[in-house]
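[1] show me how the following folds:
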Amino acid sequence: MVRLTRIYTRGGDKGDTHLGDMSRVRKTAPRVAAFGDVDELNSAIGVARAHDPAGPADAWLAAIQNDLFDLGADLCRPGGGEGEEPPPSGRAPLRATAEQVERLERWCDEVNDTLEPLTSFVLPAGSPAAAALHLARTICRRAERATIALGDEEPINPQAVTYLNRLSDLLFILARAANRDAGGDVLWVPGGERS
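    As a prediction, the model looks like this:
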């Protein structure tokens, strides 16, 4: 259990922060950018949940918010590559798992099976719930890019990238479902706004 008695520590006033292994890095480091984008994604999903998504989506999004805290902890702790050694404490670090990815895939399939096939690209618009889910999807893609960039420089848990990739798919599908319930997708009309 985490216990926070004071929120400010002044430890980051010079632009550095602690990682999960207690090493210090600049707040502009790729690792901090990756877990920072995951944190922003989690907040965007909270906004999407405030729009009362229908069916099981709210419960799924609640579980995903918890997963994203786990993923942030994963990215916050250096390592995670193949053959990772356990830390001296003997407790394995929290890492994203294949089971979490498989759960996202099941949810994708469950909702996508209820949608009409796409005949055009869709605009990130429509109902408030759909628009919020589309915004979360684009933040998820940024978090994925930041995580890939981190992995290009340091070993990371490969499931972190896979989880974010699959989550962006689910957020797209949930946005389509929200728009279906509110009248349908908002379709792209190539060149449609030119006079």
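[2] name the helix or strand for the closest residue to residue 47 other than its chain neighbours, please.
    Distance criterion CB to CB, 6 or more residues apart in numbering; nearest residue to residue 47, sequence neighbours excluded, is residue 132 at 5.2 Å. To be clear about C-beta, it is placed using only N, CA and C from the backbone, and glycine gets the same treatment. Assigned by DSSP states H and E, residue 132 falls within helix 128-153.
[3] in that helix, what's buried?
    Neighbour counts over helix 128-153 (16 or more other CB atoms under 10 Å) mark 129-137, 139-144, 146-147, 150-151 as buried.
[4] all strands for this structure, in order.
    In the chain, the strands defined using DSSP state E lie at 16-18, 24-26.
[5] may I see the buried residues of the helix or strand of the chain with the lowest mean pLDDT?
    Ranking every helix and strand in the chain by mean pLDDT, DSSP states H and E puts strand 16-18 at the bottom, with a mean of 73. By neighbour count with 16+ other CB under 10 Å, strand 16-18 contains the buried residues residue 17.
[6] what strands flank that strand, and is each parallel or antiparallel?
    Under the criterion DSSP bridges, strand 16-18 sits next to strand 24-26 (antiparallel) in its sheet.
[7] in the partner strand, what counts as buried?
    Along strand 24-26, no position meets the burial threshold by neighbour count (16+ other CB under 10 Å).
[8] quick one: the helices in the chain?
    For the chain, the helices defined by DSSP state H occupy 30-49, 57-76, 98-112, 128-153, 158-180.
[9] residue 21: which of those helices is closest?
    Nearest of these to residue 21, taken as CB to CB: helix 57-76 at 8.6 Å.
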